[in-house]
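Trainee: A structural model of the following input is requested.
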Amino acid sequence: MKRNKTIRHFPPLVLASGSPRRAELLRQAGFKFRVIKSHIPELSRRPRSVPIKIWPICLALRKASAVAGKLKRPAIVIGADTIVVLDGKIINKARDRAHGRQILQSLSGKKHAVITGIALIKADTCRLAVATSVCRMKKLSPRWLQKYLDSGLWKGKAGAYGIQNHDDPVVQLISGEWSNVVGLPMGLLKQELESFLQER
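Mentor: Numbers count the residues shown, from 1 in each chain. Presented below is the predicted three-dimensional model:
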């Protein structure tokens, strides 16, 4: 991936996430940043009053706010959270192997949405955004499913899969950003960071 030469002009960045996939996307794009985990418990249940598309933004803001409150030096804190939605229902991360199998079987051969909320906090300024990608998972064979579960790659991922883990992806991107399905929509993130620069 070609690096953007303007990236070096961004203020210090802090990624409020322990996700190695999000960190790798930022590194590949040439960003310099620190990782500070929020260490707050994950919320698995969405209040009925909160629309599904707003929920990942709420989770991202929660992470970013927790980290921003600990900083001693000015920085832009990046919070992000990704959910998978199938037939209007949120598919949470797999609790264990059996749950992972259940999730993958429910997604097999079906179209679903991957939604990532972004929260950027700088001093007393906050920017919120959301990206949606539509994907279709190919029909999973019992043999593939068994091999994937054995690999452990389903752990800690929304929808129990990672689009970046295979040379022959099981998920076809129909619309939206590929990086959003990985966990961080880089096009949207760059736009929001540029907006912060314009406010300086």
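Trainee: all strands for this protein, in order.
Mentor: With strands called from DSSP state E, the chain shows them at 13-15, 33-35, 76-86, 89-91, 111-122, 125-137, 171-175.
Trainee: which of the ones you listed has the lowest average pLDDT?
Mentor: Mean pLDDT is lowest for strand 171-175 out of the strands of the chain, coming in at a mean of 91.
Trainee: what is it packed up against?
Mentor: Contacts defined by 3 or more C-beta pairs under 8 Å, 6 or more residues apart in numbering; DSSP states H and E place strand 171-175 against strand 125-137. (Each C-beta comes from the backbone N, C-alpha and C, glycine too.)
Trainee: can you list the strands of the chain in a markdown table and add distance to Lys70 and mean neighbour count?
Mentor: Shown next, in a markdown table, are the strands of the chain (distance: least, C-beta to C-beta, whole Å; neighbours: other C-beta atoms under 10 Å):
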| stretch | distance to Lys70 | mean neighbour count |
| --- | --- | --- |
| strand 13-15 | 10 | 21 |
| strand 33-35 | 12 | 16 |
| strand 76-86 | 10 | 24 |
| strand 89-91 | 29 | 16 |
| strand 111-122 | 12 | 23 |
| strand 125-137 | 16 | 18 |
| strand 171-175 | 36 | 14 |
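Trainee: show me where pLDDT drops low in the chain?
Mentor: Scanning the chain for pLDDT under 70 picks out the ranges 1-10, 164-168, 200.
Trainee: measure stretch 22-38 end to end?
Mentor: With C-alpha to C-alpha, to the nearest Å as the measure, stretch 22-38 spans 14 Å from end to end.
Trainee: ditto for stretch 170-182
Mentor: Start-to-end, stretch 170-182 (C-alpha to C-alpha) is 13 Å.
Trainee: centre of the chain versus that stretch, how much separation?
Mentor: Stretch 170-182 sits 12 Å away from the centroid of its parent chain (C-alpha atoms, centre = their mean, to the nearest Å).
Trainee: re the thing from before, wait, which of the strands of the chain is closest to Arg46?
Mentor: For Arg46, the closest of those is strand 89-91, at 6.3 Å, according to C-beta to C-beta.
Trainee: check which helices and strands the closest one sits against.
Mentor: With contacts defined as 3+ C-beta pairs under 8 Å, 6+ apart, the packing partners of strand 89-91 are strand 76-86, helix 97-107.
Trainee: which residues does the residue nearest the centre of the chain contact?
Mentor: Of all residues in the chain, the one closest to the mean position by C-alpha atoms, centre = their mean is Gly183, 2.7 Å from it. Residues in contact with Gly183 (C-beta atoms under 8 Å, 6 or more residues apart in numbering) are Ser19, Arg21, Arg22, Leu25, Ala80, Thr82, Thr116, Ala158.
Trainee: how about the nearest residue to the first one, chain neighbours excluded?
Mentor: For Ser19, the nearest residue in space outside its immediate sequence neighbours is Gly183; the separation is 5.6 Å by C-beta to C-beta, 6 or more residues apart in numbering.
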